[in-house]
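Asker: need coordinates for the following:
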Amino acid sequence: MPINGTVKFFDHSRGFGFIAPDGGSKDVFVHVTAMESAGIASIDEGDKLSFEAIDDPRGRGKTASDLQML
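Answerer: Sure thing, here's the model as predicted:
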């Protein structure tokens, strides 16, 4: 089920950041590869996104996939 959220931070030089989900749950990690898969060239602080939160393969919480700009 898609979640809506706001980009809290994104480091363009390192290719990662965090999305704050609407509703106040824990921030979700986002990697540049998820953006590339979705055809999104760039995200910036304050951008609104819809995404799926999946378990991080490294066991570090949730990571964003299936991104869509809102």
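Asker: residue contacts, residue 66?
Answerer: Residue 66 is in contact with 2, 34, 38, 51, 52, counting by CB atoms under 8 Å, 6 or more residues apart in numbering. Every C-beta, even on glycine, is put in place using the N, C-alpha and C of the backbone.
Asker: from the residues you listed, which land in strands?
Answerer: In strands, defined here by DSSP state E, the members of the contacts of residue 66 are 51, 52.
Asker: buried subset of the contacts of residue 66 as a ChimeraX selection?
Answerer: Restricted to buried positions by 16 or more other CB atoms under 10 Å, the ChimeraX selection for the contacts of residue 66 reads:
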select :34,38,51,52
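Asker: what's the burial count for the closest residue to residue 20 other than its chain neighbours?
Answerer: Nearest residue to residue 20, sequence neighbours excluded (CB to CB, 6 or more residues apart in numbering): residue 8, at 4.5 Å. The tally of other residues near residue 8 (other CB atoms under 10 Å) stands at 15.
Asker: and residue 8, what is it in contact with?
Answerer: 17, 18, 19, 20, 27, 45.
Asker: mind listing what's buried in the helix or strand harbouring it?
Answerer: Element membership of residue 8, judged by DSSP states H and E, is strand 3-11. Neighbour-count burial for strand 3-11, counted by 16+ other CB under 10 Å, picks out 3, 5, 7, 10.
Asker: and the next element down the chain from that strand?
Answerer: Downstream of strand 3-11, the next assigned helix or strand under DSSP H and E is strand 16-21.
Asker: tell me the angle of that following strand relative to strand 3-11?
Answerer: Note on geometry: by axes from the mean of the first three to the mean of the last three CA atoms, to 10 degrees, strand 16-21 and strand 3-11 are set 150 degrees apart in direction.
Asker: can you give me the distance of the most centrally placed residue in the chain to residue 46?
Answerer: The centre of the chain sits closest to residue 30, judged by CA atoms, centre = their mean, with a distance of 3.7 Å. For residue 30, the distance to residue 46 equals 14 Å [CB to CB, to the nearest Å].
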